[in-house]
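A.B. asks: Based on what follows, work out the 3D shape:
(4 chains)
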2 protein chains.
Amino acid sequence: MAMEMPEFHLERFLPYLVHRVGSHLAEGFEEQFAEAGVSLPEWRVLAVLFEYGPQTMGDIARRTSINASTMTRLIGQMEKRNLVERARPAANQRTVNVLLLESGNRAVATLLPKVLDYEKKLSACFSGAELETFKILLTKFFNTLTSDASSEDERLAS
Amino acid sequence: MAMEMPEFHLERFLPYLVHRVGSHLAEGFEEQFAEAGVSLPEWRVLAVLFEYGPQTMGDIARRTSINASTMTRLIGQMEKRNLVERARPAANQRTVNVLLLESGNRAVATLLPKVLDYEKKLSACFSGAELETFKILLTKFFNTLTSDASSEDERLAS
DNA sequence: CCCAAACACTTTCAAATGAAAATATTTCAT
DNA sequence: ATGAAATATTTTCATTTGAAAGTGTTTGGG
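C.D. replies: From the prediction side, this is the model:
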């Protein structure tokens, strides 16, 4: 006798909807910017450094959603290419501050218009209001996810 | 003299907003379902097989946004565990059809309520209308992305 | 002050990944 | 019918990844 399954439709399942959009965006970006000589993770690092200024390895890792080991290697490569520089602040020597160098700033200056253009094309399918709503919902969702919604347990336990 | 940069704010940059939500969702899922003995890619395969029935390797790959090489290996592992079975259809022997076995169906039956519950908690931050809008926008975005918006060039060229 | 725990980053190592080549089948033009 | 191109999957191989261990620094309790 067949077990009765709960109602489920993949096309209406939120994580699925997000995942497939994310995958396609990532793939699309890599294609678009392959020739620019910057990988997607590298662009992410450049972007957060440009946006938030010099910051620690951990800050960049968190803001880019890239794991710490990967970040060490990534920054290592970018340092070799003189895009960024590492420096241990005297104040707290267990952290490592990363900052954009001249060459990194130039890379951003070159990429930024292309990236903005790319986003414009992507979001052309939305009306202004839709796009605004979409961004607000994505932001709200993220904020909820990171306000440690997963740790109801922890909250109760502590 | 400083180059004038175009207006840019990461927090309003659509691919960034999608990426960070996607990353957190993936991480959250792996945590939640680690003990269930099913990885996220495995769950994705189970889900599309459950939703769309028996289908080829390529179908699963496309629907899960998992690349073909990875899919071969993934299905290989799941076959060893008797979750799924491969079969070459007589009609077209270059394709490989994959279908859920008894054990795979049981896995879905076990996971589905938990997954639905998980989604419910995730989306608790939204009103019913917001959630609906969010899903519609994600779907619309995906559809546009995959209706090969990138190939304006190709369209013009052909 | 001192030492244990916490923290931030790096390294190591085993596993996962994807591009390209290899294999097998089907389609299509001649 | 026949061979070349297209399609679908698998395999190979070099790269990328992340968890866990390792290193060095800071914090906090005694």
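
A.B. asks: So which bits of stretch A:90-98 are buried?
C.D. replies: A:V96, A:N97, A:V98 (16 or more other Cβ atoms under 10 Å in any protein chain shown). Where you see a C-beta, it was placed from the backbone N, CA and C, and this is true even at glycine.

A.B. asks: contacting residues around the last one?
C.D. replies: For A:V98, the set of contacting residues under the criterion of Cβ atoms under 8 Å, 6 or more residues apart in numbering or on different chains consists of A:L49, A:P54, A:Q55, A:T56, A:M57, A:I60, A:I75, A:V84, A:E85, A:R86, A:A87.

A.B. asks: helix, strand or coil for it?
C.D. replies: Of the three states, A:V98 takes strand under DSSP: H, G, I helix; E, B strand; the rest coil.

A.B. asks: Tell me the pLDDT of it.
C.D. replies: In this model, A:V98 is scored at 98, pLDDT.

A.B. asks: how close does it sit to chain B?
C.D. replies: As defined by Cβ to the nearest Cβ, to the nearest Å, A:V98 lies at a distance of 16 Å from chain B.

A.B. asks: cool, the first one as well?
C.D. replies: In this view, A:V96 and chain B are 21 Å apart by Cβ to the nearest Cβ.

A.B. asks: Just want the phi and psi numbers for that residue.
C.D. replies: Here is the backbone geometry of A:V96 (degrees, to the nearest 10): phi -130, psi 120.

A.B. asks: Please name the residues that touch it.
C.D. replies: Contacts for A:V96 (Cβ under 8 Å, 6+ apart) come out as A:T56, A:M57, A:R86, A:A87, A:R88.

A.B. asks: try 10 Å
C.D. replies: Counting by Cβ atoms under 10 Å, 6 or more residues apart in numbering or on different chains, A:V96 touches A:Q55, A:T56, A:M57, A:G58, A:I60, A:T72, A:I75, A:R86, A:A87, A:R88, A:P89.

A.B. asks: Only the buried subset of those residues, as a ChimeraX command please.
C.D. replies: Filtering the contacts of A:V96 down to the buried ones (16+ other Cβ under 10 Å) takes a single ChimeraX command:
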select /A:55,57,60,75
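
A.B. asks: Could you find the closest non-adjacent residue to the spatially most central residue of chain A?
C.D. replies: The centroid of chain A falls nearest to A:T64 when counting by Cα atoms, centre = their mean (3.7 Å). Leaving aside its sequence neighbours, A:T64 sits nearest to A:R44 (Cβ to Cβ, 6 or more residues apart in numbering or on different chains; 4.2 Å).

A.B. asks: Work out for me the element that neighbour sits within.
C.D. replies: For A:R44, the host element (DSSP states H and E) is helix A:40-52.

A.B. asks: Name every strand pairing with whichever helix or strand comes after that helix and say which way it goes.
C.D. replies: Following helix A:40-52 in sequence order, the next helix or strand is strand A:55-56 (DSSP H and E). As defined by DSSP bridges, the strand partners of strand A:55-56 come to strand A:97-100 (antiparallel).

A.B. asks: Skip ahead from the helix or strand containing A:V115 and say which helix or strand is next.
C.D. replies: Assigning secondary structure by DSSP H and E places A:V115 in helix A:102-122. Downstream of helix A:102-122, the first helix or strand assigned by DSSP H and E is helix A:128-146.

A.B. asks: what helices or strands is that next one leaning on?
C.D. replies: When contacts are defined as 3 or more Cβ pairs under 10 Å, 6 or more residues apart in numbering or on different chains; DSSP states H and E, helix A:128-146 packs onto helix A:14-33, helix B:14-33, helix B:102-122, helix B:128-146.

A.B. asks: Same list, those helices, but as a markdown table with mean neighbour count please.
C.D. replies: What follows is the helices and strands packed on helix A:128-146, written out as a markdown table (neighbours: other Cβ atoms under 10 Å in any protein chain shown):
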| stretch | mean neighbour count |
| --- | --- |
| helix A:14-33 | 19 |
| helix B:14-33 | 19 |
| helix B:102-122 | 16 |
| helix B:128-146 | 16 |
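
A.B. asks: okay, those helices in CSV with distance to A:L137 and mean pLDDT next?
C.D. replies: Shown next, in CSV, are those (distance: least, Cβ to Cβ, whole Å; pLDDT from 0 to 100):
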stretch, distance to A:L137, mean pLDDT
helix A:14-33, 11, 95
helix B:14-33, 9, 95
helix B:102-122, 13, 95
helix B:128-146, 5, 96
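
A.B. asks: now those as CSV including distance to A:F141?
C.D. replies: Converted to CSV, the helices and strands packed on helix A:128-146 look like this (distance: least, Cβ to Cβ, whole Å):
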stretch, distance to A:F141
helix A:14-33, 8
helix B:14-33, 6
helix B:102-122, 8
helix B:128-146, 7
